[in-house]
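**Q** sequence plus predicted model, see below.
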2 protein chains.
Amino acid sequence: MRIADLRATPVAIGDPPLRASSGLHAPYALRTIVEVETDDGIVGIAETYGGEAARRAFERARPAVIGRDPWQLTRLRVDVEGLDGQPPAEGFAWEMRSLAPAALFGALEVACLDAIGRTVGRPVVDLLGGRVRDPVPFSAYLFFKHGGDDEWGEVMTPQAVVHEARTMCARYGFRSVKLKGGVLEPDREAEAVLLLREAFGPDVPLRIDPNAAWSVATSLRVAAKLDGTLEYLEDPTSGLDAMAEVAAQVNMPLATNMCVTAFEHIAPAVEKRSVAVILSDHHMWGGLRATVELGRLCRTFGLGLSMHSNSHLGISLAAMTHVAAAVPELTYACDTHYPWQTDEVITGGKLAIVDGAVAVPAGPGLGVELDRDALARLHEQYRRAGLAARDDAAEMRRIDPSWRRHVGDW
Amino acid sequence: MRIADLRATPVAIGDPPLRASSGLHAPYALRTIVEVETDDGIVGIAETYGGEAARRAFERARPAVIGRDPWQLTRLRVDVEGLDGQPPAEGFAWEMRSLAPAALFGALEVACLDAIGRTVGRPVVDLLGGRVRDPVPFSAYLFFKHGGDDEWGEVMTPQAVVHEARTMCARYGFRSVKLKGGVLEPDREAEAVLLLREAFGPDVPLRIDPNAAWSVATSLRVAAKLDGTLEYLEDPTSGLDAMAEVAAQVNMPLATNMCVTAFEHIAPAVEKRSVAVILSDHHMWGGLRATVELGRLCRTFGLGLSMHSNSHLGISLAAMTHVAAAVPELTYACDTHYPWQTDEVITGGKLAIVDGAVAVPAGPGLGVELDRDALARLHEQYRRAGLAARDDAAEMRRIDPSWRRHVGDW
């Protein structure tokens, strides 16, 4: 079995005006739909980061991917990532790489595992060692947001966040709640968390993630207010040292998707004791097997494991669900933006979230099928959207030219 | 696909009178041949530790293994090992476990992966991400030894070690050499290494492994003598602290198969900087996927990875070769006792070592077939040998009642 074709289609998907410390989501989020077709006609699919940078990366990688055996994934990883001081193999070695090597490999790996699963008639989770949980719990991912052309309306107060949470939990049955912070004054965001606690009671784990907007002093002040209320505090401040300073003085685990985003960041984080929970993300960390390996690594060093998300479609959700089903260490409910997206690229419409959890899709491979009409439509939407890359700050400044991002200084 | 039967057959295999700090090898080494048979008639095989303890462990585990889907390996691991403070599942939870849970799981995993590979028509290495090297380099594993009923004769001097090395390298083409020490006076063993360097020149990496027999002072003295001569120094002394003391003062990497033998030993070893190279062993560390994960972990923490061996047959060698072919981090030539064994349990006789390397066996699964006549003969040999467990010290005292083991005090 050889790879006969690699297709990467940029798409734009409708995205509501969500706020974060990075600014404001544009009307479209950008994704890439990847297809690996084998010489016996099997098509494996994946979804990853979008925009022109990703498009170029796949275009350049194409000749170096075609002809490979999709089972030879570690060789592909070595060639893409250029391990052990070796340069990447030809085709992956362009200057100023437009997509992180781990992200490029991760997408290719998911598509190959999907193709392998389809070939052997097994779900992807089984290629990773089988399921230790199914369905997979996800958390309600709350955002402050502007009013817009969506059903959620403006959410810019603690009270509105509680309303948003109630709606989302009623609809999807989520049993844990994460608030994206870094938007309002830190104490107002703490107030939102306390209102959520009041509304949902002590049995619903709560998290807040200000994306490193806060200073150490603010992090400590907010943490004191939320003592006993948070399951974990995600990226209150910026960098391993400031995180370690906070971690040493608070009563709750610190989690991160910012100061530890690759394997090479782990050793210093362990040495400094900066974080207690790492957020995995197979798109960012180099695929599904890398996520399994990250789980073992977290167990070995006494770290917890959770899962990060970006705006995404059903192919990503399927892959996230397969890997989360396989990793024993992933004991926290995973993040997902999925309820915020109305577009879809898989047949049968959006995957169901029931009782706050997603069942591992049935069928071989990822268990989801590409809807080619939807793909064409979302690609056309990409062409018309005229967005080459995500830029939340630019989007925010269109509304408020004086806006600036807080990084460790709020 | 379900597991319909689990068979574990104890065997005894002829073993020459090899010396180590633990004493003297008995005339037979004990192994267990494991067979997992699926309900569609596929038989997957594995080889692991032997003796009565292992036999009992498989016997007790049998009811809890039968009926499982062989793809659901992580669930099996969780059930066998009892992760996260949970007790092991019924069938794996007997008191005073007779075989380490990671060893029990590792053997079951290899047999299941062999069965899976046979089912999908792929070699085991492909189930681990495919090959990054093939053939897999092994090292000449030199031993001091008593004279006996073998072709090697007595090897109890540095000069005799060089002769043994020449014979072994001429026969198998090994390009790296490991000497099992802890037998002669430490300075005599250093002399043996220096003679090996003289005999083989600077391009053949050399290692010595006294199995923690030496004191810190002796380790430092020998290391000074061997400065610039060793690829790594394996377990010169005993325990993470003494190893760290040596590591801080010598000019060569320290390796271990004694103070870090499970994932839970890694974090303290990293903190103390006790070792630079970990010797993997899928029999000990919980299987082939665990070895892949160990590779990622070693890369992440800047540790090297090599491979340990015990006396073993061709099924173990096949499994070692598949996993070593799959793990990019395994850049050292692997240890193997294989040239010391004349018995075999696979069809076609012993696997070939050519130019010091073993090719990944062709064919699905492990690519080796159980020779049932040989299995019956080696099991009969086990019954007659009357050995319930390995006891090198008892074997040694039969010859020299005053012998005692050195642990960190030579």
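**A** Looks like it arrived, so ask away.
**Q** so which residue is dead centre in chain A?
**A** A:Ser309 (2.0 Å; Cα atoms, centre = their mean).
**Q** tell me the spacing between the closest residue to that residue other than its chain neighbours and A:Ser176.
**A** Nearest residue to A:Ser309 in three dimensions, chain neighbours excluded: A:Asp335, at 4.3 Å (Cβ to Cβ, 6 or more residues apart in numbering or on different chains). C-betas here are computed from N, CA, C, even on glycine. A:Asp335 sits 10 Å away from A:Ser176, taking Cβ to Cβ, to the nearest Å as the criterion.
**Q** so what sits against both of those two?
**A** By Cβ atoms under 8 Å, 6 or more residues apart in numbering or on different chains, A:Asp335 and A:Ser176 have these common neighbours: A:Ser139.
**Q** so between those two, which is more surrounded?
**A** Each of A:Asp335 and A:Ser176 has its neighbours counted (other Cβ atoms under 10 Å in any protein chain shown); A:Asp335 has more, 25 against 21.
**Q** how many neighbours does A:Asp150 have?
**A** Around A:Asp150 there are 15 residues (other Cβ under 10 Å).
**Q** tell me which stretches of chain A form strands.
**A** Secondary structure of chain A, counting by DSSP state E: strands at A:3-14, A:19-20, A:23-24, A:28-38, A:43-49, A:136-137, A:140-143, A:177-180, A:206-209, A:232-234, A:254-256, A:277-280, A:304-307, A:357-358.
**Q** format those as JSON lines; extra columns: distance to B:Ala262, mean neighbour count and mean pLDDT.
**A** As requested, the strands of chain A are exported to JSON lines (distance: least, Cβ to Cβ, whole Å; neighbours: other Cβ atoms under 10 Å in any protein chain shown; pLDDT from 0 to 100):
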{"stretch": "strand A:3-14", "distance to B:Ala262": "38", "mean neighbour count": "20", "mean pLDDT": "98"}
{"stretch": "strand A:19-20", "distance to B:Ala262": "41", "mean neighbour count": "21", "mean pLDDT": "98"}
{"stretch": "strand A:23-24", "distance to B:Ala262": "47", "mean neighbour count": "23", "mean pLDDT": "98"}
{"stretch": "strand A:28-38", "distance to B:Ala262": "37", "mean neighbour count": "24", "mean pLDDT": "98"}
{"stretch": "strand A:43-49", "distance to B:Ala262": "35", "mean neighbour count": "25", "mean pLDDT": "98"}
{"stretch": "strand A:136-137", "distance to B:Ala262": "29", "mean neighbour count": "23", "mean pLDDT": "98"}
{"stretch": "strand A:140-143", "distance to B:Ala262": "37", "mean neighbour count": "25", "mean pLDDT": "98"}
{"stretch": "strand A:177-180", "distance to B:Ala262": "34", "mean neighbour count": "26", "mean pLDDT": "98"}
{"stretch": "strand A:206-209", "distance to B:Ala262": "32", "mean neighbour count": "26", "mean pLDDT": "98"}
{"stretch": "strand A:232-234", "distance to B:Ala262": "28", "mean neighbour count": "27", "mean pLDDT": "98"}
{"stretch": "strand A:254-256", "distance to B:Ala262": "27", "mean neighbour count": "27", "mean pLDDT": "98"}
{"stretch": "strand A:277-280", "distance to B:Ala262": "22", "mean neighbour count": "26", "mean pLDDT": "98"}
{"stretch": "strand A:304-307", "distance to B:Ala262": "20", "mean neighbour count": "24", "mean pLDDT": "98"}
{"stretch": "strand A:357-358", "distance to B:Ala262": "33", "mean neighbour count": "24", "mean pLDDT": "98"}
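**Q** would you mind listing what in the stretch 151-300 of chain A touches chain B?
**A** A:263-264, A:266-267, A:270, A:289-290, A:292-293, A:296-297, A:299-300 (Cβ under 8 Å from any Cβ of the partner chain).
**Q** top helix in chain A by residue count?
**A** helix A:101-120 (DSSP state H).
**Q** got the angle for that one vs strand A:3-14?
**A** 110 degrees (axes from the mean of the first three to the mean of the last three Cα atoms, to 10 degrees).
**Q** is chain B within reach of helix A:101-120?
**A** Yes: Helix A:101-120 is in contact with chain B by Cβ under 8 Å from any Cβ, via A:119-120.
**Q** which elements pack onto that helix?
**A** Counting contacts by 3 or more Cβ pairs under 8 Å, 6 or more residues apart in numbering or on different chains; DSSP states H and E, helix A:101-120 packs against strand A:28-38, strand A:43-49, helix A:51-65, helix A:73-81, helix A:124-127, helix A:282-285, helix A:288-300, helix B:101-120.
**Q** please work out the average pLDDT along the longest one.
**A** Read that as helix B:101-120. Averaging pLDDT along helix B:101-120 gives 97.
**Q** now the angle between strand B:43-49 and it, please.
**A** Interaxial angle of helix B:101-120 relative to strand B:43-49 (the same axes, to 10 degrees): 160 degrees.
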